[in-house]
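Peer 1: one predicted model, sequence on top.
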Amino acid sequence: MEDNKKDYNDFFKNDDQKEAEPKQEKPSYYYSYGPYKSSDTEERKPETTSVVSSADVTEVEMTSPQPLRSMDSFNDPIAQSSERPGWTAKEPYKRSSGKTFFAGFMAATLVVGSLMFVSDKMNLFTGDKVLVNIGSSASASAAGANNGAVKTAAVDLARPTNIAQIAQNSSPAVVKIETLVRQKSQQSSSGGGSVFDDPFFRQFFGDQTPNQTQPQTKQNSNSTKISPLVPQGLGSGFIFEKTGYILTNEHVIDGADEIQVTVQGYDKPFTAKLLGNSYDLDLAVLKIEGSKDFPMLPLGNVDSTNVGDWVVAIGNPYGFDHTVTVGVLSAKERPIEIPDQQGTRKYKHLLQTDASINPGNSGGPLINLNGDVIGINTAVSSQAQGIGFAIPTSTIQGVLTSLINNVTIPKEPAPYIGANVGNIDDTLVQDLQLSNTDGALVAGVPIGGPAFKAGLKTNDVIVGFNGTAIKTNQELIDLIQKSKVGDKVTLNIIRDGKKMDVIVTIGDKNTDKSAQQN
């Protein structure tokens, strides 16, 4: 009976209950232009299973229970007469086995499932109502007409059927971009740290050339021979205007002495001209010249694509031309930062997708099911799977004209007050005449900045921002960055043990000369 009960319980246990695996601490991750490359050189140790022998079990002394009358005594006439005359024992109750229960459960499941299938096929419960696929325009319009009420919908578990058509129609407009540099540029930068020598940057390009030995060109002091061009990197792009205008990422063409573009259907690559680029936005526009119109992809409205909708990415990962990957739009408005040798690119408003993006995909289009481009594939999370990012068309369309005309795109305003702040140490509480460590300590006030003009001084402690209490310097920084340039804010401070207020006008760190000098 105990064995049957054990089988019954084991049958309903899930995998987590049967065997709890130890949790492993996950390493922190960062974002990059390329896929995951583990820097962990430690080999994984084989899993071991511990076996407990009988010798390891400690015996525990227990009090012996009182002997009970066996069940057979109920059927023994002699035992009945000797113990309790006149008693009649019935056969003991036998529990059904776990196998019997399981068989009954499966039979009931089969019957219920069959009934559900028949009712669905014969439409017994919905009558003449029309079923609409979830996510279709028909269901969206129906929900809108019903003020957001839930409508009956049939779940479509299959992928959309037009992905192959989207890939066929879009691929001719997707181009491969190869960058080349002069031999002398590579040699002269070997000691100066060219961006192309950075392994982090090479990760985007699929590490095409780091182990290749480039041909050396013999030159003397009187020679005027130009050094040859050597391949440096590989990326993607797409034609957005039939006369040959191409969009791609700035990091794809950064540092190139020549840019070659391969278009599907043409035997030879085109030499492209860089019209304009933006480091901060990571965007660039190229131009190629042809005798006829090129295939093109339209820029769509990213707002028409919802989280969970299918998307298609096309590019040239690791040199595999016109690779198509499919996924969904995972999220919108993602901010990430990627450091490189020129600084740190601070991306905002990115689209997140689980469509596979690898080195060489950068600059390629992210396409919705209407065949419109909604983003430019840009980066991936190097410590994760299925987390890629694309610059949305909402960002592109606002600066496209400036890129085509090579007009400098102003940086997005960066709110700041012009003061260096830090957290308060326990040892400073008494010296600053404070009651605790809450607040942000002013460690310096650069001359000419907003804080200097407002009268903020070194060793002031900022404990409030427009009346909101401040506990750490990061809380203060976050509130400043949420403000708008030109806003007047009140800093609640403690100076020499006395509370007072200082009114500061939020400045723009990108335009203020004092901030750039300091």
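Peer 2: All right, it came through fine.

Peer 1: restrict stretch 313-327 to CA atoms and write it as PDB.
Peer 2: Extracted C-alpha coordinates of stretch 313-327, given in PDB (Å, rounded to 0.1, in the frame of the first residue of the first chain):
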ATOM      1  CA  ALA A 313      16.000  40.700 -40.100                       C
ATOM      2  CA  ILE A 314      18.100  40.500 -43.300                       C
ATOM      3  CA  GLY A 315      21.900  41.000 -43.500                       C
ATOM      4  CA  ASN A 316      25.300  39.400 -44.000                       C
ATOM      5  CA  PRO A 317      26.400  37.800 -40.800                       C
ATOM      6  CA  TYR A 318      30.000  36.500 -40.900                       C
ATOM      7  CA  GLY A 319      30.000  37.000 -44.700                       C
ATOM      8  CA  PHE A 320      27.000  34.800 -45.300                       C
ATOM      9  CA  ASP A 321      25.100  36.900 -47.900                       C
ATOM     10  CA  HIS A 322      21.400  37.700 -47.500                       C
ATOM     11  CA  THR A 323      20.800  35.700 -44.400                       C
ATOM     12  CA  VAL A 324      17.200  35.900 -43.200                       C
ATOM     13  CA  THR A 325      16.200  35.500 -39.500                       C
ATOM     14  CA  VAL A 326      12.800  35.700 -38.000                       C
ATOM     15  CA  GLY A 327      11.500  36.700 -34.500                       C
END
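
Peer 1: any buried residues in stretch 252-264, and which?
Peer 2: Along stretch 252-264, these residues count as buried under the neighbour rule (16 or more other Cβ atoms under 10 Å): Val252, Ile253, Asp254, Gly255, Ala256, Asp257, Ile259, Gln260, Val261, Val263. To be clear about C-beta, it is placed using only N, CA and C from the backbone, and glycine gets the same treatment.

Peer 1: which one of the residues you listed is nearest to Ile387?
Peer 2: Closest approach to Ile387 among the buried residues of stretch 252-264 (Cβ to Cβ): Val252, at 20.4 Å.

Peer 1: the closest one touches Thr179, doesn't it?
Peer 2: Yes - the pair Val252 and Thr179 passes the contact test of Cβ atoms under 8 Å, sitting 7.3 Å apart.

Peer 1: would TSV of the buried residues of stretch 252-264 with distance to Pro335, secondary structure and pLDDT be doable?
Peer 2: Converted to TSV, the buried residues of stretch 252-264 look like this (distance: Cβ to Cβ, whole Å; DSSP: H, G, I helix; E, B strand; the rest coil; pLDDT from 0 to 100):
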residue	distance to Pro335	secondary structure	pLDDT
Val252	21	helix	93
Ile253	24	helix	92
Asp254	22	coil	90
Gly255	26	coil	88
Ala256	28	coil	89
Asp257	33	coil	91
Ile259	29	strand	94
Gln260	34	strand	93
Val261	31	strand	94
Val263	34	coil	94
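
Peer 1: most widely separated two among the residues you listed?
Peer 2: Largest pairwise distance in those, by Cβ to Cβ, is 23.1 Å, between Gly255 and Val263.

Peer 1: Ala103 is in what secondary structure piece?
Peer 2: Assessed by DSSP states H and E, Ala103 sits inside helix 98-121.

Peer 1: pLDDT of that helix, averaged?
Peer 2: Throughout helix 98-121, pLDDT has a mean value of 77.

Peer 1: what do you get for stretch 385-403?
Peer 2: Stretch 385-403 shows a mean pLDDT of 91.

Peer 1: going forward, count from 26.
Peer 2: Let's use 26 as the start, then, which means that last one is stretch 410-428.

Peer 1: put the alpha carbons of that stretch into PDB.
Peer 2: Below are the C-alpha coordinates for stretch 410-428, written out as PDB (Å, rounded to 0.1, in the frame of the first residue of the first chain):
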ATOM      1  CA  GLN A 410      20.700  34.800 -26.400                       C
ATOM      2  CA  GLY A 411      17.900  36.300 -28.400                       C
ATOM      3  CA  ILE A 412      18.400  39.900 -27.200                       C
ATOM      4  CA  GLY A 413      19.200  42.100 -30.200                       C
ATOM      5  CA  PHE A 414      18.600  45.900 -30.700                       C
ATOM      6  CA  ALA A 415      17.700  48.100 -33.700                       C
ATOM      7  CA  ILE A 416      17.500  51.800 -34.100                       C
ATOM      8  CA  PRO A 417      13.900  52.700 -34.900                       C
ATOM      9  CA  THR A 418      12.700  54.600 -38.000                       C
ATOM     10  CA  SER A 419      11.300  57.200 -35.700                       C
ATOM     11  CA  THR A 420      14.900  58.200 -34.800                       C
ATOM     12  CA  ILE A 421      16.100  57.900 -38.400                       C
ATOM     13  CA  GLN A 422      13.400  60.000 -40.100                       C
ATOM     14  CA  GLY A 423      14.100  63.000 -38.000                       C
ATOM     15  CA  VAL A 424      17.700  63.300 -39.100                       C
ATOM     16  CA  LEU A 425      17.700  61.700 -42.500                       C
ATOM     17  CA  THR A 426      17.800  65.000 -44.400                       C
ATOM     18  CA  SER A 427      20.700  66.200 -42.400                       C
ATOM     19  CA  LEU A 428      22.600  63.000 -43.000                       C
END
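
Peer 1: low-scoring stretches of the stretch 26-175 of the chain, by residue?
Peer 2: 26-123, 143-175 (pLDDT under 70).

Peer 1: and the gap between Val136 and Lys124?
Peer 2: The gap separating Val136 from Lys124 is 19 Å, by Cβ to Cβ, to the nearest Å.

Peer 1: cool, Ala132 as well?
Peer 2: Ala132 sits 13 Å away from Lys124, going by Cβ to Cβ.

Peer 1: counting neighbours, what do you get for Asn535?
Peer 2: 15 (other Cβ atoms under 10 Å).

Peer 1: surely it meets Ile434?
Peer 2: No - at 11.7 Å, Asn535 does not count as touching Ile434 under the criterion of Cβ under 8 Å.

Peer 1: ok, now which ones touch the spatially closest residue to Gly315 that is not a sequence neighbour?
Peer 2: What sits nearest to Gly315 in space, not counting adjacent residues and going by Cβ to Cβ, 6 or more residues apart in numbering, is Gly269, at 5.8 Å. Counting by Cβ atoms under 8 Å, 6 or more residues apart in numbering, Gly269 makes contact with Phe295, Lys312, Ile313, Glu314, Gly315, Phe319.

Peer 1: just the buried ones from these?
Peer 2: With burial judged by 16+ other Cβ under 10 Å, the buried subset of these is Phe295, Lys312, Ile313, Phe319.

Peer 1: and which of those is nearest to Leu481?
Peer 2: Among the buried ones among the contacts of Gly269, and counting by Cβ to Cβ, the member closest to Leu481 is Lys312, at 50.0 Å.

Peer 1: the closest one reaches Thr273, doesn't it?
Peer 2: No - look at Lys312 against Thr273 with Cβ under 8 Å: they stay out of range, at 11.8 Å.

Peer 1: any idea how far the residue lying closest to Gly333 once chain neighbours are set aside is from Thr420?
Peer 2: In space, and not counting its chain neighbours, Gly333 is closest to Val353: 5.6 Å by Cβ to Cβ, 6+ apart. For Val353, the distance to Thr420 equals 21 Å [Cβ to Cβ].
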